[in-house]
Each structure stands twice: as C-alpha cells, then as structure tokens.
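[1] Fold the stuff below for me.
(one chain, ligands or ions: 1)
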Amino acid sequence: MDQKDKIFVAGGRGLVGSSLVRALKSAGYVDILAPSSKELDLTDQAATKKFLRETKPQYVFVAAGKVGGIWANNSYPADFCYINLLIQANLIHGAYEVGVKKLLFLGSSCIYPKDCEVPIKESALLTKTLEPTNEAYALAKITGVKMCDYYRRQYGCDFISAMPTNLYGPGDNYDLKTSHMVPALIHKFHLAKIRGENSVPIWGTGNPRREIIFVDDVAQACLFLMKNYSEPGPINVGIGEDYSIKEIASFIKRVVGFEGDLTFDTTKPDGVFRKVMDVSRIRALGWRPKVNLEDGMRITYDAFASNFNGL
Ligand SMILES: NC(=O)c1ccc[n+]([C@@H]2O[C@H](COP(=O)([O-])OP(=O)(O)OC[C@H]3O[C@@H](n4cnc5c(N)ncnc54)[C@H](OP(=O)(O)O)[C@@H]3O)[C@@H](O)[C@H]2O)c1
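    Predicted structure coming up:
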C-alpha cells in the first residue's frame, strides 16, 4: 500500500473504522474516504456502486456492519442477517467490479462453532453448529468470508478476511441494552459510582473466560494484514490470552474507581465457558498486540467519562 493510494474505510465512523482511520493517518496515508451511513448507505446497491465507480479506491477495509451484544443479536436476527449480508455483498461485488487492488473484510470470533476446541483455530470454521443467540450475524459474516474466497478463486481478487476477538475502545456503543460486555460493564460501574450505589450485579457466575483486545491493536493488525497477507479463509486477530469475567469486571471496577461490591446473578446463564482464539498464524507472520489491558481500559474509560452526559 502506497501512502498516496486511495483507501476506503467502510464504517469509518464506527469503533473499528475510526481507529483504522486514525492508524492510517498516523502512518502517513493521505487519501482516505470514510463516509458516514447518512452520506452513503451501503445497503443501497446502486448508491454503493456509484460511490465506488466515482471514487475508484485501490484498497477497501470493510468495517461497516450491524453490530451488537447478545440481547440485540438474539432480538433482531432478521436485521443482523439482512443488513450485514447487503453491506458486504454490495462492497465485495462492487470492489470486484471497479478493480480494487485489495479488500479486507472484518468478521468476528462468533463465526466459529459454539462447542469448538479452544484456543479456536481458523480451521474450526463450519465444523459444528453455531451459538443460536448470534447465529444470524455469524451466518452473514461467514458468507462474507466465503465471498472473499469465491471472488479470489473465480476472479483472482486479492480479498482477505480478518476475525477479531471481542474488542473494546473509545467510541464504543454504551447503550445498556444493545452493547457488548466491556462497554456495558464500564457504563454500569460508572453509573453506580456517581449514584453512590453499594453493588453492581454481573450476569452469571463470573467464571466463564473471555479474550478482549484493544481496538487500536485490531486496527494495526488490519493494516499489517493488508500489507503482508494474501490467503483465503479467515485469519484470527486476538491476544491469545483470556480472563474470567470476574477478573475483567474487577479490573473495570478499579479503573472506573467504583468502591462498592460485585455481585453475581447466578440465575442468568453463563454462556460458553471459555472463548479464546488461537493466534499462532498471525503471530507467525510477525504481528502481536501492543496495548496492555491497563492502558487500553484507562484510555477507553477516560473517553467514555469525558463524553458522559446523563444518568
Ligand atoms: N465491536 C466488537 O466487539 C467487534 C468484535 C469482533 C469483530 N468486530 C467487527 O468489526 C466490524 C465493525 O464493528 P464496530 O464495533 O466498529 O461497529 P460499530 O462501532 O457499530 O460501527 C459500525 C459502522 O458501520 C457503519 N454502518 C452500519 N450500517 C451502515 C449502512 N447501512 N451504511 C453505511 N455504513 C453503515 C456505521 O456507520 P455510521 O456510524 O455512520 O452509522 C458504523 O461506522 C463488525 O462488522 C465486526 O465484523 C467487532
């Protein structure tokens, strides 16, 4: 990728996309397109084709999509499937039509089967059934990975797919109903601190283990893969380590400065016991994350607290 190349970051105003735009700018790239969904609705095929024809980007990062936590995924499966399928199909086919040099499609660790061996290897894809609560989103994302492979096979397009684990960082969705675990915990602890509450309830036993990665590390991994990797199939992006939910919650509690207790609502389900990615392939290529949990969480909480404007 040359610093003067035109780069389209689809979803460039979102959590991952905005981090990608920052990373590209600080690496000296100057011609970056990052329209909002209001400026360009990527579910609109004609509008997406017109944009690609008029702008002719050389590189495309697909960081646009409908994203949410378990509740949102489980409540709106039709929307999660339809919107993600449309966005990625319009971008992947459109990129082929205008001769994009390389495209990186972002999926997620939830494309892997619910009961696969941990750490989760890329080869686990499509070997067993999916977690039912996010099946619609996962199926759409699996189709995106497969479309990249099919366009590579049939048309020789250099389209690749990166699968980040759960991520967190500034600019996340903090809506308590639709957000992922980390932003939801940050929001709950912050509210409990300013309301002077004694405790914060956590869903389940707190024993399940999860991997989390700071968003700027994911953006750096995407840049690295765009420059150094050209193969079919997904490649995992993670830290390769996991923490119990109790550990993650205690950590956030400390960063937020909440002095009350954690309580565990064991009437709520725990979900999969352990979810951590096998990151040996990306490590072997020479990439590893740089931001530790302490620094990443402090940056994230500071950004949240400085934008917080309601109880
Ligand atoms: N968040 C995570 O924990 C996580 C974990 C693993 C993988 N990922 C991957 O990262 C990708 C991005 O996630 P994120 O967390 O950055 O999500 P996000 O913060 O919700 O951002 C999604 C982006 O998609 C754009 N978008 C949605 N619908 C659109 C439409 N119809 N037309 C144009 N743009 C549209 C949004 O644009 P506007 O803001 O302008 O509306 C936004 O910029 C996901 O698709 C997923 O593959 C995320």
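
[2] ranges for the helices of this protein?
    Applying DSSP state H to the chain gives helices spanning 15-26, 45-55, 70-75, 77-97, 135-155, 181-195, 215-228, 245-256, 280-285, 293-307.

[3] For this protein, give me the ranges with low pLDDT.
    Along the chain, segments meeting pLDDT under 70 span 310-311.

[4] just to revisit the earlier point, now the helices of the chain in a markdown table, with distance to the ligand and mean neighbour count?
    Using the backbone N, CA and C atoms, a C-beta is placed for each residue, glycine as well. Compiled in a markdown table, those are given as follows (distance: least, C-beta to the nearest ligand atom, whole Å; neighbours: other C-beta atoms under 10 Å):
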| stretch | distance to the ligand | mean neighbour count |
| --- | --- | --- |
| helix 15-26 | 3 | 21 |
| helix 45-55 | 8 | 15 |
| helix 70-75 | 11 | 18 |
| helix 77-97 | 6 | 20 |
| helix 135-155 | 6 | 20 |
| helix 181-195 | 8 | 20 |
| helix 215-228 | 8 | 21 |
| helix 245-256 | 13 | 19 |
| helix 280-285 | 14 | 15 |
| helix 293-307 | 12 | 16 |
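
[5] of all those helices, which lies closest to Pro119?
    Across those, Pro119 has its closest neighbour in helix 280-285 (8.4 Å, C-beta to C-beta).

[6] ok, back up a step: in TSV, list the helices of the chain along with distance to Phe264.
    TSV is the format used below for the helices of the chain (distance: least, C-beta to C-beta, whole Å):
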stretch	distance to Phe264
helix 15-26	28
helix 45-55	45
helix 70-75	17
helix 77-97	28
helix 135-155	27
helix 181-195	13
helix 215-228	28
helix 245-256	8
helix 280-285	33
helix 293-307	21
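
[7] Quick one: closest of those helices to Leu167.
    Closest to Leu167 of those, according to C-beta to C-beta: helix 215-228, at 5.2 Å.

[8] which secondary structure elements does that closest one contact?
    Counting contacts by 3 or more C-beta pairs under 8 Å, 6 or more residues apart in numbering; DSSP states H and E, helix 215-228 is packed against helix 15-26, strand 59-62, strand 102-106, strand 159-164, strand 166-168, strand 234-237, helix 280-285.

[9] that older thread, could you say which one of the helices of the chain comes nearest to Pro208?
    So among the helices of the chain, helix 245-256 is nearest, using C-beta to C-beta, at 5.5 Å.

[10] for Phe167, what are its contacts?
    No Phe there; residue 167 is Leu. 15-16, 212-215, 218 (C-beta atoms under 8 Å, 6 or more residues apart in numbering).

[11] Report the two of the residues you listed separated the most.
    Most distant of the contacts of Leu167, by C-beta to C-beta, are Val16 and Ile212, 13.8 Å apart.

[12] what about the residue of the chain found nearest the ligand, neighbour count?
    Closest residue of the chain to the ligand, C-beta to the nearest ligand atom: Gly14 (2.0 Å). Close neighbours of Gly14, defined as other C-beta atoms under 10 Å, add up to 23.

[13] With Leu126 as the reference, measure out to the closest residue in space to it that isn't next to it in sequence.
    Using C-beta to C-beta, 6 or more residues apart in numbering and skipping residues adjacent in sequence, the residue nearest Gly14 is Ala63, 6.1 Å away. Look at Ala63 and Leu126: by C-beta to C-beta, to the nearest Å, they are 23 Å apart.

[14] and what of Asn292?
    34 Å.
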